[in-house]
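Colleague: Need a 3D model of the sequence below.
(one chain, ligands or ions: 1)
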Amino acid sequence: MLNLELIFNKIDELKQLGSVNNELDWKDYNFAKNFYNNVARNNKQTDSETKFIIDKLRLKSDAKILDLGCGGGRNCFDLSDHGYKVTGIDLSEYAIKEANKTKSENNKYKDINFIHKDILDINYNEEFNAAILIFNHFSSFNNIQVKKLLKKIHQALTHQGKILIEISSHNQILSLHGVQEWAILDSWLAGYFKQLVLIDNIVDNKKEIHIRKDYCVRLSDGQIFEYTQTSYIYDLEKIHALLRLSGLKLIQTYGNWQGKIFDDNDDQMILIIQK
Ligand SMILES: C[S@@+](CC[C@H](N)C(=O)[O-])C[C@H]1O[C@@H](n2cnc3c(N)ncnc32)[C@H](O)[C@@H]1O
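Modeller: Predicted structure coming up:
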(Lines give C-alpha, C1' and ligand atoms only; values in the text may rest on other atoms or scores of the structure.)
Protein backbone atom coordinates (compact mmCIF):
# COMPACT_ATOMS: atom_id res chain seq x y z
CA MET A 1 0.00 0.00 0.00
CA LEU A 2 1.22 3.49 -0.80
CA ASN A 3 1.46 5.95 2.04
CA LEU A 4 -0.50 8.88 0.61
CA GLU A 5 0.55 11.23 3.37
CA LEU A 6 4.21 10.62 2.52
CA ILE A 7 3.45 11.24 -1.15
CA PHE A 8 1.59 14.51 -0.48
CA ASN A 9 4.48 15.68 1.75
CA LYS A 10 6.94 14.81 -1.01
CA ILE A 11 4.88 16.78 -3.56
CA ASP A 12 4.79 19.76 -1.16
CA GLU A 13 8.55 19.51 -0.81
CA LEU A 14 8.98 19.44 -4.58
CA LYS A 15 6.72 22.49 -4.95
CA GLN A 16 8.75 24.41 -2.41
CA LEU A 17 12.01 23.48 -4.08
CA GLY A 18 10.49 24.63 -7.33
CA SER A 19 13.79 23.95 -9.01
CA VAL A 20 13.24 20.71 -10.93
CA ASN A 21 12.44 21.83 -14.39
CA ASN A 22 11.35 19.02 -16.66
CA GLU A 23 9.89 21.45 -19.17
CA LEU A 24 7.68 19.53 -21.56
CA ASP A 25 9.46 19.36 -24.86
CA TRP A 26 7.77 18.35 -28.10
CA LYS A 27 11.13 17.11 -29.35
CA ASP A 28 11.01 14.48 -26.60
CA TYR A 29 9.77 11.37 -28.40
CA ASN A 30 8.06 9.80 -25.36
CA PHE A 31 6.31 12.97 -24.29
CA ALA A 32 4.91 13.47 -27.82
CA LYS A 33 3.87 9.81 -27.94
CA ASN A 34 2.09 10.01 -24.57
CA PHE A 35 0.43 13.30 -25.55
CA TYR A 36 -0.94 11.91 -28.82
CA ASN A 37 -2.14 8.71 -27.18
CA ASN A 38 -3.91 10.57 -24.37
CA VAL A 39 -5.30 13.87 -25.56
CA ALA A 40 -5.35 14.00 -29.36
CA ARG A 41 -8.64 15.32 -30.73
CA ASN A 42 -11.14 12.92 -32.32
CA ASN A 43 -12.53 12.69 -35.87
CA LYS A 44 -15.79 14.49 -35.04
CA GLN A 45 -13.87 17.49 -33.70
CA THR A 46 -11.56 17.40 -36.74
CA ASP A 47 -14.61 17.46 -39.06
CA SER A 48 -15.98 20.57 -37.32
CA GLU A 49 -12.60 22.25 -37.61
CA THR A 50 -12.35 21.43 -41.32
CA LYS A 51 -15.80 22.89 -42.07
CA PHE A 52 -14.90 26.00 -40.09
CA ILE A 53 -11.52 26.40 -41.84
CA ILE A 54 -13.02 26.09 -45.33
CA ASP A 55 -15.90 28.44 -44.51
CA LYS A 56 -14.19 31.17 -42.48
CA LEU A 57 -10.98 31.31 -44.50
CA ARG A 58 -13.07 31.35 -47.70
CA LEU A 59 -10.72 28.88 -49.32
CA LYS A 60 -10.83 28.45 -53.07
CA SER A 61 -10.91 24.84 -54.26
CA ASP A 62 -7.25 24.93 -55.37
CA ALA A 63 -5.95 26.55 -52.17
CA LYS A 64 -2.61 25.52 -50.68
CA ILE A 65 -2.57 25.25 -46.90
CA LEU A 66 0.30 25.23 -44.43
CA ASP A 67 -0.46 23.39 -41.17
CA LEU A 68 2.04 24.68 -38.62
CA GLY A 69 2.50 22.23 -35.73
CA CYS A 70 0.47 19.61 -37.59
CA GLY A 71 1.01 16.82 -35.04
CA GLY A 72 -0.12 13.47 -36.46
CA GLY A 73 -1.66 15.31 -39.40
CA ARG A 74 -5.37 14.98 -38.58
CA ASN A 75 -6.22 18.40 -40.10
CA CYS A 76 -3.95 17.76 -43.11
CA PHE A 77 -5.71 14.47 -43.96
CA ASP A 78 -9.17 15.98 -43.58
CA LEU A 79 -8.31 19.04 -45.68
CA SER A 80 -6.73 16.80 -48.31
CA ASP A 81 -9.97 14.77 -48.40
CA HIS A 82 -11.64 18.06 -49.41
CA GLY A 83 -9.18 18.48 -52.28
CA TYR A 84 -6.74 21.01 -50.81
CA LYS A 85 -2.97 20.81 -51.21
CA VAL A 86 -1.49 20.60 -47.73
CA THR A 87 1.95 20.84 -46.16
CA GLY A 88 2.25 19.87 -42.49
CA ILE A 89 5.23 20.86 -40.37
CA ASP A 90 6.07 19.63 -36.90
CA LEU A 91 9.00 19.62 -34.52
CA SER A 92 8.12 16.22 -33.11
CA GLU A 93 9.79 13.24 -34.73
CA TYR A 94 7.07 10.99 -33.30
CA ALA A 95 4.25 13.12 -34.76
CA ILE A 96 5.79 13.25 -38.25
CA LYS A 97 6.52 9.52 -38.18
CA GLU A 98 2.85 8.83 -37.34
CA ALA A 99 1.69 11.29 -40.01
CA ASN A 100 3.88 9.65 -42.66
CA LYS A 101 2.68 6.20 -41.57
CA THR A 102 -0.97 7.19 -42.13
CA LYS A 103 0.00 8.82 -45.43
CA SER A 104 1.73 5.65 -46.66
CA GLU A 105 -1.33 3.56 -45.82
CA ASN A 106 -3.52 5.42 -48.31
CA ASN A 107 -2.56 6.39 -51.82
CA LYS A 108 -5.01 9.31 -51.87
CA TYR A 109 -2.72 11.21 -49.47
CA LYS A 110 0.41 11.02 -51.64
CA ASP A 111 0.37 14.79 -52.30
CA ILE A 112 0.50 15.78 -48.63
CA ASN A 113 3.94 16.91 -47.64
CA PHE A 114 5.01 16.30 -44.03
CA ILE A 115 8.16 18.03 -42.84
CA HIS A 116 10.03 17.50 -39.58
CA LYS A 117 11.09 21.06 -38.73
CA ASP A 118 10.77 23.93 -36.25
CA ILE A 119 8.11 26.31 -37.60
CA LEU A 120 10.33 29.22 -36.57
CA ASP A 121 12.77 28.06 -39.27
CA ILE A 122 10.40 27.92 -42.27
CA ASN A 123 11.38 29.84 -45.39
CA TYR A 124 8.60 30.02 -47.97
CA ASN A 125 7.93 32.84 -50.40
CA GLU A 126 4.28 33.54 -51.19
CA GLU A 127 3.50 29.85 -51.67
CA PHE A 128 0.44 29.31 -49.48
CA ASN A 129 -3.09 30.74 -49.47
CA ALA A 130 -3.59 29.93 -45.80
CA ALA A 131 -1.75 28.87 -42.66
CA ILE A 132 -3.31 27.21 -39.60
CA LEU A 133 -2.05 26.80 -36.02
CA ILE A 134 -4.53 24.64 -34.15
CA PHE A 135 -4.82 23.37 -30.55
CA ASN A 136 -3.19 26.15 -28.57
CA HIS A 137 0.50 25.66 -29.23
CA PHE A 138 0.81 29.33 -30.32
CA SER A 139 0.97 30.22 -26.61
CA SER A 140 4.17 28.19 -26.19
CA PHE A 141 6.02 30.96 -28.07
CA ASN A 142 7.32 34.02 -26.24
CA ASN A 143 7.05 37.56 -27.63
CA ILE A 144 10.30 37.42 -29.59
CA GLN A 145 9.43 34.05 -31.09
CA VAL A 146 5.91 35.20 -32.00
CA LYS A 147 7.33 38.20 -33.89
CA LYS A 148 9.67 35.88 -35.79
CA LEU A 149 6.89 33.38 -36.49
CA LEU A 150 4.44 36.01 -37.78
CA LYS A 151 7.11 37.42 -40.06
CA LYS A 152 7.80 33.94 -41.47
CA ILE A 153 4.10 33.27 -41.99
CA HIS A 154 3.62 36.67 -43.65
CA GLN A 155 6.42 35.78 -46.07
CA ALA A 156 4.92 32.32 -46.77
CA LEU A 157 1.47 33.66 -47.69
CA THR A 158 0.21 34.88 -51.05
CA HIS A 159 -1.46 38.31 -51.40
CA GLN A 160 -4.39 38.54 -48.91
CA GLY A 161 -3.55 35.08 -47.60
CA LYS A 162 -5.31 34.02 -44.39
CA ILE A 163 -4.15 32.66 -41.04
CA LEU A 164 -6.17 30.79 -38.45
CA ILE A 165 -4.82 30.61 -34.90
CA GLU A 166 -6.58 28.82 -32.06
CA ILE A 167 -5.50 29.92 -28.59
CA SER A 168 -6.92 29.82 -25.03
CA SER A 169 -8.67 33.05 -24.08
CA HIS A 170 -7.05 35.45 -21.64
CA ASN A 171 -9.90 35.10 -19.11
CA GLN A 172 -9.79 31.33 -19.25
CA ILE A 173 -6.08 31.34 -18.43
CA LEU A 174 -6.50 33.87 -15.58
CA SER A 175 -9.26 31.69 -14.08
CA LEU A 176 -6.82 28.78 -13.80
CA HIS A 177 -4.67 30.49 -11.17
CA GLY A 178 -4.40 28.26 -8.09
CA VAL A 179 -6.60 25.57 -9.62
CA GLN A 180 -5.58 22.00 -8.74
CA GLU A 181 -6.88 18.84 -10.36
CA TRP A 182 -6.42 15.27 -9.19
CA ALA A 183 -6.93 12.19 -11.32
CA ILE A 184 -6.13 8.49 -11.30
CA LEU A 185 -5.07 7.53 -14.80
CA ASP A 186 -3.80 4.45 -16.60
CA SER A 187 -1.44 6.54 -18.64
CA TRP A 188 -0.32 10.14 -18.72
CA LEU A 189 2.81 12.14 -19.36
CA ALA A 190 4.94 9.77 -17.27
CA GLY A 191 3.92 6.81 -19.43
CA TYR A 192 1.61 3.84 -19.61
CA PHE A 193 0.97 2.72 -16.04
CA LYS A 194 -1.51 3.51 -13.28
CA GLN A 195 -0.75 6.84 -11.73
CA LEU A 196 -2.14 9.48 -9.46
CA VAL A 197 -1.81 12.83 -11.18
CA LEU A 198 -1.90 16.26 -9.58
CA ILE A 199 -2.09 19.21 -11.95
CA ASP A 200 -1.20 22.52 -10.36
CA ASN A 201 -1.64 25.92 -12.07
CA ILE A 202 0.12 29.22 -11.40
CA VAL A 203 -0.76 32.27 -13.49
CA ASP A 204 1.49 35.31 -13.25
CA ASN A 205 -0.42 38.03 -15.06
CA LYS A 206 2.37 40.60 -14.64
CA LYS A 207 4.94 38.34 -16.27
CA GLU A 208 2.22 37.17 -18.66
CA ILE A 209 2.97 33.51 -18.08
CA HIS A 210 0.98 30.45 -17.06
CA ILE A 211 2.93 27.64 -15.44
CA ARG A 212 1.29 24.25 -15.25
CA LYS A 213 2.95 21.54 -13.17
CA ASP A 214 1.99 17.87 -13.43
CA TYR A 215 3.06 15.57 -10.61
CA CYS A 216 2.58 11.97 -11.71
CA VAL A 217 2.84 9.42 -8.86
CA ARG A 218 3.43 5.87 -10.11
CA LEU A 219 1.07 3.75 -7.99
CA SER A 220 3.26 0.63 -8.11
CA ASP A 221 6.15 2.24 -6.22
CA GLY A 222 5.25 5.85 -5.35
CA GLN A 223 7.91 7.34 -7.63
CA ILE A 224 7.02 10.92 -8.58
CA PHE A 225 7.61 12.34 -12.06
CA GLU A 226 7.38 16.10 -12.32
CA TYR A 227 6.67 18.07 -15.51
CA THR A 228 6.37 21.77 -16.23
CA GLN A 229 4.63 23.50 -19.09
CA THR A 230 5.11 27.25 -19.52
CA SER A 231 2.68 29.18 -21.72
CA TYR A 232 2.66 32.85 -22.60
CA ILE A 233 -0.53 34.85 -22.18
CA TYR A 234 -1.80 36.77 -25.20
CA ASP A 235 -4.86 38.99 -24.89
CA LEU A 236 -6.53 40.61 -27.89
CA GLU A 237 -4.79 43.95 -27.39
CA LYS A 238 -1.36 42.31 -27.45
CA ILE A 239 -2.33 40.18 -30.44
CA HIS A 240 -3.48 43.27 -32.39
CA ALA A 241 -0.16 45.00 -31.66
CA LEU A 242 1.93 41.98 -32.69
CA LEU A 243 -0.06 41.55 -35.90
CA ARG A 244 0.28 45.22 -36.83
CA LEU A 245 4.05 44.94 -36.43
CA SER A 246 4.05 42.06 -38.90
CA GLY A 247 1.87 43.69 -41.54
CA LEU A 248 -1.11 41.46 -40.67
CA LYS A 249 -4.62 42.30 -39.48
CA LEU A 250 -7.17 40.51 -37.35
CA ILE A 251 -10.41 40.31 -39.29
CA GLN A 252 -12.58 38.23 -36.94
CA THR A 253 -12.39 36.39 -33.61
CA TYR A 254 -14.59 33.39 -32.86
CA GLY A 255 -15.26 31.75 -29.48
CA ASN A 256 -15.77 28.20 -30.73
CA TRP A 257 -15.55 25.95 -33.78
CA GLN A 258 -19.30 26.33 -34.36
CA GLY A 259 -18.73 29.94 -35.42
CA LYS A 260 -19.88 31.86 -32.33
CA ILE A 261 -18.38 35.37 -32.27
CA PHE A 262 -15.89 35.66 -29.38
CA ASP A 263 -16.81 37.36 -26.11
CA ASP A 264 -15.07 37.48 -22.72
CA ASN A 265 -16.92 34.40 -21.43
CA ASP A 266 -15.41 32.13 -24.05
CA ASP A 267 -12.60 29.73 -23.14
CA GLN A 268 -10.95 29.83 -26.52
CA MET A 269 -10.25 32.32 -29.28
CA ILE A 270 -10.07 31.36 -32.92
CA LEU A 271 -8.40 34.24 -34.70
CA ILE A 272 -8.89 34.86 -38.41
CA ILE A 273 -6.08 37.01 -39.73
CA GLN A 274 -5.33 38.41 -43.16
CA LYS A 275 -2.13 39.48 -44.85
C1 LIG B 1 -1.10 20.58 -29.08
S2 LIG B 1 -0.30 19.81 -30.45
C3 LIG B 1 -1.43 20.16 -31.77
C4 LIG B 1 -1.22 19.31 -32.98
C5 LIG B 1 -2.19 19.55 -34.12
N6 LIG B 1 -2.18 20.93 -34.59
C7 LIG B 1 -3.59 19.15 -33.71
O8 LIG B 1 -4.44 20.03 -33.57
O9 LIG B 1 -3.83 17.94 -33.54
C10 LIG B 1 0.99 20.97 -30.78
C11 LIG B 1 1.94 20.50 -31.86
O12 LIG B 1 2.80 21.60 -32.18
C13 LIG B 1 4.10 21.09 -32.37
N14 LIG B 1 5.07 22.16 -32.14
C15 LIG B 1 5.27 22.84 -30.99
N16 LIG B 1 6.25 23.77 -31.17
C17 LIG B 1 6.66 23.65 -32.46
C18 LIG B 1 7.64 24.29 -33.25
N19 LIG B 1 8.40 25.26 -32.76
N20 LIG B 1 7.78 23.92 -34.54
C21 LIG B 1 7.02 22.92 -35.07
N22 LIG B 1 6.09 22.27 -34.36
C23 LIG B 1 5.90 22.62 -33.08
C24 LIG B 1 4.22 19.94 -31.39
O25 LIG B 1 5.24 19.01 -31.73
C26 LIG B 1 2.83 19.34 -31.44
O27 LIG B 1 2.75 18.30 -32.38
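
Colleague: Is E181 in a helix, a strand, or coil?
Modeller: Of the three states, E181 takes strand under DSSP: H, G, I helix; E, B strand; the rest coil.

Colleague: Now do the contacts for it.
Modeller: 197-199 (CB atoms under 8 Å, 6 or more residues apart in numbering). Bear in mind the C-beta positions are built from the backbone N, C-alpha and C, glycine included.

Colleague: okay, now I167: neighbour count?
Modeller: 24 (other CB atoms under 10 Å).

Colleague: How about S231?
Modeller: 21.

Colleague: name the element it belongs to?
Modeller: For S231, the host element (DSSP states H and E) is strand 224-232.

Colleague: hmm, back to that, from the contacts of E181, which single one is nearest S104?
Modeller: V197 (34.7 Å; CB to CB).

Colleague: Which stretches in this protein count as strands?
Modeller: 64-68, 85-90, 113-116, 128-133, 157-168, 180-185, 195-204, 209-218, 224-232, 249-254, 268-274 (DSSP state E).

Colleague: So which bits of the shortest one are buried?
Modeller: Along strand 113-116, these residues count as buried under the neighbour rule (16 or more other CB atoms under 10 Å): F114.

Colleague: Same question for the fourth one.
Modeller: With burial defined by 16+ other CB under 10 Å, the residues of strand 128-133 counted as buried are 128-133.

Colleague: These: which two are farthest apart?
Modeller: Spanning the widest gap among the buried residues of strand 128-133 are N129 and L133, at 15.4 Å by CB to CB.

Colleague: quick one on the thing from earlier: same list, the contacts of E181, but as TSV with neighbour count please.
Modeller: Converted to TSV, those look like this (neighbours: other CB atoms under 10 Å):
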residue	neighbour count
V197	18
L198	19
I199	18
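
Colleague: Take those residues and write them to CSV, including distance to the ligand and pLDDT.
Modeller: Below are the contacts of E181 laid out as CSV (distance: CB to the nearest ligand atom, whole Å; pLDDT from 0 to 100):
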residue, distance to the ligand, pLDDT
V197, 18, 93
L198, 21, 92
I199, 16, 93
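
Colleague: and which of these is nearest to I119?
Modeller: For the contacts of E181, the nearest to I119 is I199 (26.8 Å; CB to CB).

Colleague: Do I have it right that the closest one meets R212?
Modeller: Yes: if you go by CB atoms under 8 Å, I199 and R212 touch, sitting 6.5 Å apart.

Colleague: Quick check, H137 in contact with I89.
Modeller: No: taking CB under 8 Å as the definition, H137 is not a contact partner of I89, at 11.8 Å.

Colleague: Common neighbours of the two, please.
Modeller: G69.

Colleague: Which strand residues bridge the residue in the stretch 151-275 of the chain that the ligand sits nearest to?
Modeller: Taking CB to the nearest ligand atom, the ligand has its nearest neighbour within the stretch 151-275 of the chain at E166, 8.0 Å off. Judged by DSSP bridges, the bridge partners of E166 are I270.

Colleague: Distance of it relative to I53?
Modeller: Note on E166: its distance to I53, by CB to CB, to the nearest Å, is 10 Å.

Colleague: what's the answer for L198, then?
Modeller: 36 Å.

Colleague: Excluding chain neighbours, give the residue nearest to D67 in space.
Modeller: Distance criterion CB to CB, 6 or more residues apart in numbering; nearest residue to D67, sequence neighbours excluded, is G88 at 4.3 Å.
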